[in-house]
Each structure stands twice: as C-alpha cells, then as structure tokens.
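1. here's my sequence, what's the structure:
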Amino acid sequence: MKLSFVIPVFNEQDSLKILHSEILENIKKYKYEIIFIDDGSNDDSFQIMTELAKKDENVKIIKFRKNFGKSAALQTGFDVANGEIVFTMDADLQDNPKEIPNFITKIEAGFDLVTGWKVKRRDPINKTWPSKIFNSVTSKTFGLKLHDYNCGFKAYQKSVINEIDVYGEMHRYIPALAIAKGFTVAEIPIEHRKREFGKSKYGIERYLRGFLDLLTVKLVTGYIRSPLYLFGRIGATFGLIGLIITIYLSVMKFWFSAPLSNRPLLYLGTLLIIIGLQFFSIGLLGELIVNQGRNHTKKKNISIEKRINL
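-> Reported below is the predicted structural model:
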C-alpha cells in the first residue's frame with residue numbers, strides 16, 4: 001500500500017527537514033510520496049524542499065508563483081497524489097507524525113475519511129475559543145458532530161479526494177463535503193504540539209471567510225440538486241407575509257372604508273410579494289441550470305511556477 005502526504009508550506013523553513021525525518025520514521029513498511037506545495041513562501045522553504053527532493057526521489061514539490069491559500073494548495077496536491085491513502089498535515093510540526101499508524105488503522109477499519117481531534121490544543125486562547133464556537137456552529141449546521149473541523153491532520157481514501165473540490169476556505173468543511181457525497185467520517189484524538197518555529201499565518205479575518213464559505217458549503221451540500229427547495233421556501237415566506245398584509249388592508253378598505261394612501265403597510269406588503277416572486281424566479285432558474293446536466297470544468301485560479309519529481 002502506498003501513502004501520499006499532501007503538505008501545504010508557507011514560510012516554514014526551520015521545520016521541513018524535521019518533518020520529513022519524522023514522517024519517514026513512522027512509515028517504514030509503506031511505499032510513500034511526500035508532496036510539498038510551496039504556497040508562495042518568501043523564506044528558504046523552497047530551497048530546503050529542493051534539497052530534500054534531491055536526496056529523496058519520493059519528495060515532490062509544486063511551487064506556486066504567489067500565495068493562493070491552503071485550499072488551493074490542498075486541491076493541487078490532491079490532483080497529483082496517487083497513494084491509496086492520502087494524508088494532509090501542516091508543515092509547522094504541530095501535527096505529530098507518530099499518529100500516522102492510528103489514522104491507517106481507522107481507515108482499514110472501513111472509514112473513508114479520518115480527521116484528527118486536538119484534544120489538548122497547544123495554541124493561545126485567542127485561537128482556541130473562536131475555534132470552539134466555530135466547531136459548535138458547524139456541527140449543528142451540517143448535523144455532523146466533530147470536535148475539531150479545523151484540524152488539518154486527516155487521512156482519506158483516494159476515492160474521497162477524487163470526488164470533492166476544495167477552494168476558498170472550504171478545507172475546513174471537507175468532512176461535511178464528504179458526508180454529503182455518502183462517505184463515512186471518523187474522528188480520532190491526536191497529540192497537538194506547541195509551535196517551535198515561525199508564527200501562525202492566520203488572523204481573525206479567516207473566521208469571516210470561513211463563515212461565508214460555511215453558507216456556500218451548506219448550499220452546495222443541501223440544495224445543489226434542487227435549488228428551488230431553498231429559494232422557494234424563502235420566497236414563500238416573504239410572499240405569504242406580503243399576501244396576509246394585503247388581504248388585511250383590502251378588508252380595511254372595502255369593509256371599513258379605511259384610506260390606504262397614507263399606510264406604509266401597503267408598500268411593505270407589496271414589496272414582500274415582489275421579493276417573494278423574485279426568490280421563486282431565482283429558484284426556478286437554478287432548477288433549469290442544474291437540470292441541464294452540464295459538467296463544467298472549473299478553471300484553476302492558480303499559477304504554478306515549478307514542479308520537481310512530478
């Protein structure tokens with residue numbers, strides 16, 4: 001069995017040799033490939049990866065011309081990975097490669113995707129508390145209870161990465177995307193180590209991007225086959241409220257001769273009916289697009305500068 005490791009790298013020059021050594025120490029009986037995705041690093045990360053690739057032909061490198069983000073790096077790695085089991089992990093050494101056999105055991109037990117759970121997280125409180133809120137909201141949104149959606153240490157059956165597309169900040173929602181496709185997901189506790197080198201690349205803005213992508217994933221996983229279910233419900237709600245308002249005003253006009261020209265409620269009722277019809281129209285257009293059955297190939301919004309051993 002062959003293992004593939006897809007590892008996004010952004011300014012992690014001090015950890016790469018250690019990470020490579022630790023991975024090899026824990027996969028001695030397996031064939032392997034380690035795919036480093038240089039996501040626009042401006043330190044010596046690429047040079048160090050190149051040195052590793054010269055010594056180890058199983059180390060493969062893809063270098064982006066600029067920083068395109070973790071999702072783009074992962075998807076690019078998924079596209080070239082050819083192992084039966086594909087691992088993703090961060091390059092900062094906080095993910096401990098000694099956990100690799102535990103992931104393999106869980107995959108061999110029949111699960112399609114196994115994600116890590118950093119039980120004792122070695123991060124400052126300004127990262128841990130927002131993460132807890134994020135995990136709670138995401139679990140309720142998708143009906144898949146996980147303690148740590150944001151953990152980058154995961155193992156996949158090859159079939160999973162063949163059927164999911166990751167972009168934006170969607171790498172956080174890969175388990176939800178997998179469940180929507182009918183794959184099985186498991187979570188295992190893992191050791192999370194304190195960062196020894198460099199600094200975190202993520203700021204508070206990632207939570208806003210993550211929330212917007214949460215809405216996108218919910219739409220994609222819940223309503224992609226029938227957009228009218230989503231937009232029709234919204235349209236029906238607005239339309240019904242508007243209809244009730246206009247019926248009430250009609251009764252007031254014809255039975256009680258109440259003037260309507262000075263009633264803002266009339267404008268509100270009319271507006272709600274129009275909005276409701278618009279949502280119905282969006283839903284119907286969505287149905288037409290979905291039922292065309294066209295397979296559009298997504299244009300990759302990335303630029304690759306170099307490939308090594310690929």
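2. so what's D39 up against?
-> Each residue near D39 by CB atoms under 8 Å, 6 or more residues apart in numbering is listed here: P8, V9, F10, F64, N67, F68, G69, K70, A72, A73. Quick note: C-beta positions are derived from backbone N, CA and C, even for glycine.
3. pLDDT weak spots in the stretch 51-200 of the chain?
-> Across the stretch 51-200 of the chain, the ranges flagged by pLDDT under 70 are 122-129, 198-200.
4. follow-up on the earlier one: which PyMOL command selects the buried ones in the contacts of D39?
-> The PyMOL command for the buried members of those (criterion: 16 or more other CB atoms under 10 Å) is given here:
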select buried, resi 8+9+10+64+67+68+69+70+72+73
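5. and the residue most central in space within the chain, its phi and psi?
-> With distances taken as CA atoms, centre = their mean, M170 lies nearest the centre of the chain, 2.1 Å away. In terms of degrees, to the nearest 10, the main-chain angles of M170 are phi -70, psi -10.
6. closest one of the contacts of D39 to L19?
-> Nearest to L19, judged by CB to CB, of the contacts of D39 is V9 at 9.4 Å.
7. so L93 sits right up against H192, yeah?
-> No - contact criterion CB atoms under 8 Å: L93 and H192 do not qualify, at 10.6 Å.
8. which residues in the stretch 51-200 of the chain form helices?
-> 70-80, 100-108, 125-142, 158-163, 174-180 (DSSP state H, counting those that start in this stretch).
9. present those helices as CSV; the columns should include distance to K60.
-> Converted to CSV, the helices of the stretch 51-200 of the chain look like this (distance: least, CB to CB, whole Å):
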stretch, distance to K60
helix 70-80, 7
helix 100-108, 18
helix 125-142, 31
helix 158-163, 16
helix 174-180, 22
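10. out of these, which gets nearest to F256?
-> Judging these by CB to CB, what sits closest to F256 is helix 125-142, at 46.6 Å.
11. and the closest one, what does it pack onto?
-> Packing partners of helix 125-142 (3 or more CB pairs under 8 Å, 6 or more residues apart in numbering; DSSP states H and E): helix 174-180, helix 205-223.
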